[in-house]
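Novice: Build me a model from this:
(2 chains)
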Amino acid sequence: MHNAIQAEGLVKRYGETKALDGVDLVVPQGRLLGVLGPNGAGKTTAVRILATLLRPDAGRATVNGFDVQRQAHQVRTLIGLTGQYAAVDEMLTGVENLLMIGRLLGLSRSAARARADELLRRFDLADAGGRATKTYSGGMRRRLDLAASLVGRPQVLFLDEPTTGLDPRSRTELWGVVRGLMADGVTVLLTTQYLEEADQLADDIVVFDHGRVIASGTSDQLKSTTGAQVLEVRPLQEGHLDLVVQVVTDVVGEAPEVSGGRATAAVRDPAVVPAIVRRLDDLGVVASELTLRKSSLDEVFLALTGHRAEDEPSDEKQEVLV
Amino acid sequence: MTALTTVTAPVARRPTAGATVRQTMTLAWRSLVQIKHNPWELLDLSIQPIMFLVLFTYVFGGAISGSTGDYLQFALPGLLVQNALFYTLSTAIGLNTDITKGVFDRLRSLPIARTAPLSGRIIADTFKQMWAFALLVGFGMILGFRVTTSVVGLLGALALLVVVALAMSWMSVLIGLKASSPEKVQMIAFSTMMPLTFTSSALVPSATFPGWLQAWSDVNPVTHLADAIRGLMIGGEVAGPVLVSLLWAAGFMIVFAPLAIRVFRSRA
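Specialist: I've put the predicted structure just below:
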């Protein structure tokens, strides 16, 4: 299959720190690659290199076969970019923002106007189109920003944390828009800190940490890379929790985590489940909940990196306070 | 999915000259249409110089020149210079705002001429310069200012200010690319332009300055520019001050244009 995005050995240094430390990426045409990682993992740097905004110190990358460094102009004719911050001109109206992009892309005045109206309708901004965008809400700005990146009907779209800072409703709306683009056959590279977002949208996922790809695969593959499934047992009577912990420890060979009246343990052998059920039955413990499930991406991330995906920003804040 | 169905049209390696001009004009339009939605910018642009004009004329005028009318005649050309120099920094503020808001990155990700975001902005700012010039001169005339040379002299003054402002805009571009925020730009603008214009002969005759300040005032480029504009509008020596002003402008360009272009390249 034809690869829309291909990157090999991308390296980018900022002084001492390596923002990217040898990153390879492949996105087949028409697929959505989710790039998952905490703040400072190098996601944005990778997007900026692929979108021709930044030169890598080493490595090479192509978009639809065009080299992002030597054929930057050709790459720019193919791509759309929506960054972390809604890059719209706050002094202009929604219509004017889109008109400007259309005219810059060589559309005639009337064609640019028609395209602007079409996109504003599609993104539910038709009523606000005549207002200066500084009066828009955060969600509206993001939608306009996304609309701006679609004026030129890009074949490859870069979405850099498109839902960071959005409320849940706006986020779900934006997901709907991205799914619609996928249906149109657009190739998408989406970065996110939210595991749920990658889980919801991505065909394939790569996990970034400290400028490296530390895991890749489909959501299901990643969930099984830790080799473990998750067993959760909640006794009907809270007083039985100690017994449950005892039984799980005996059978699994490792003490479970206890929280919220529930014991949670990673298991590799599904045969432990009937064994636990039998032991609990013998002890007269009734379980109100007993599940065996695949690890969530959150748990996968924790297992891969030793820290949780969404903890990082608050850690930084704490450091500043201390 | 076969190669046959995905054949892409040959893609140009860079925008044509015609496209570059069109893109520049689109971005100039974008800077000018902002004013429509942000009357405050228009106020900054017109009210502030008018306020200066009125304050200087009626507060200091009598004390400096004996009568407000005489002072207005003397100071208006100097205020035009001060205003034009201050306004060159708006290029820096606009550029810096684009960078911090991400608009600059959006423009750079488009298949447009690399120079268009810069040239479009500078063209728009030149229009704004001319607007501010017309406004100040017009308002000055209402207060009693008279151009005593000719229309050619007036247009010459405008042309000289525009040329100097264009040369200065390279410094402005450099500041705009380097500063961490638009507020910083404003601070830099104020703390460099203010002393520069006040230690020149733009607003007061330098005859009463102490010796060392007079020595500085004599080399201060703002002095030469103010003298040139004064000569063009109300008479006096023209050739000398115009030549020195143009040399200063050329010097500015020679120093700042390569620096600005290098920083711009590294970002673009």
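Novice: A:Glu197: neighbour count?
Specialist: A:Glu197 has 23 neighbours, counted by other Cβ atoms under 10 Å in any protein chain shown. The C-beta positions use only the backbone N, C-alpha and C, and glycine is treated the same way.
Novice: Could you find the closest non-adjacent residue to it?
Specialist: A:Thr163 (6.3 Å; Cβ to Cβ, 6 or more residues apart in numbering or on different chains).
Novice: On the three-state scheme, that neighbour is what?
Specialist: Following DSSP: H, G, I helix; E, B strand; the rest coil, A:Thr163 is assigned to coil.
Novice: Please report phi then psi for it.
Specialist: phi -110, psi 10 (degrees, to the nearest 10).
Novice: give me the low-pLDDT residue ranges for the stretch 1-150 of chain B?
Specialist: Counting by pLDDT under 70, the stretch 1-150 of chain B contains low-confidence ranges at B:1-11, B:37-46.
Novice: Let me fix that, I meant to ask about chain A.
Specialist: Ranges of chain A meeting pLDDT under 70: A:1, A:226-228, A:308-322.
Novice: Quick check: beta-bridge partners of A:Asn3?
Specialist: A:Pro28 (DSSP bridges).
Novice: need the contact list for it.
Specialist: By Cβ atoms under 8 Å, 6 or more residues apart in numbering or on different chains, the residues touching A:Asn3 are A:26-29.
Novice: for B:Phe139, same thing?
Specialist: B:50, B:53.
Novice: mind listing what the host helix or strand of A:Ile214 pairs with, with the direction of each?
Specialist: Element membership for A:Ile214 (DSSP states H and E) is strand A:212-217. Strand pairing for strand A:212-217, determined by DSSP bridges: strand A:204-209 (antiparallel).
Novice: Put the alpha carbons of the strand it pairs with into CSV.
Specialist: What follows is strand A:204-209, C-alpha atoms only, in CSV (Å, rounded to 0.1, in the frame of the first residue of the first chain):
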residue,chain,number,x,y,z
ASP,A,204,-2.6,2.7,14.3
ILE,A,205,-1.0,4.2,17.4
VAL,A,206,2.6,5.0,18.2
VAL,A,207,3.6,5.9,21.7
PHE,A,208,6.2,8.7,22.1
ASP,A,209,8.3,9.2,25.2
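Novice: residues near the closest residue to B:Gly140 other than its chain neighbours, how many?
Specialist: If the residues on either side of it in the chain are set aside, B:Gly140 comes closest to B:Leu76, at 4.5 Å by Cβ to Cβ, 6+ apart. Applying other Cβ under 10 Å, we find 27 residues neighbouring B:Leu76.
Novice: the helices in chain A, which residues?
Specialist: A:43-50, A:72-78, A:94-104, A:109-122, A:138-150, A:168-183, A:195-201, A:219-225, A:241-252, A:272-283, A:297-305, A:312-321 (DSSP state H).
Novice: Which parts of the stretch 51-200 of chain B are helices?
Specialist: B:61-65, B:68-101, B:103-108, B:116-143, B:151-178, B:182-198 (DSSP state H, counting those that start in this stretch).
Novice: For the ones you listed, could you give me TSV that also reports distance to B:Leu259?
Specialist: Shown next, in TSV, are the helices of the stretch 51-200 of chain B (distance: least, Cβ to Cβ, whole Å):
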stretch	distance to B:Leu259
helix B:61-65	38
helix B:68-101	13
helix B:103-108	18
helix B:116-143	14
helix B:151-178	5
helix B:182-198	15
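Novice: For B:Lys101, see how far away the nearest residue to B:Thr26 once chain neighbours are set aside is.
Specialist: With Cβ to Cβ, 6+ apart as the criterion, B:Thr26 has its nearest non-adjacent residue at 4.4 Å, and that residue is A:Arg103. Separation of A:Arg103 from B:Lys101 (Cβ to Cβ, to the nearest Å): 20 Å.
Novice: who has more neighbours, the two?
Specialist: A:Arg103 (23 against 17).
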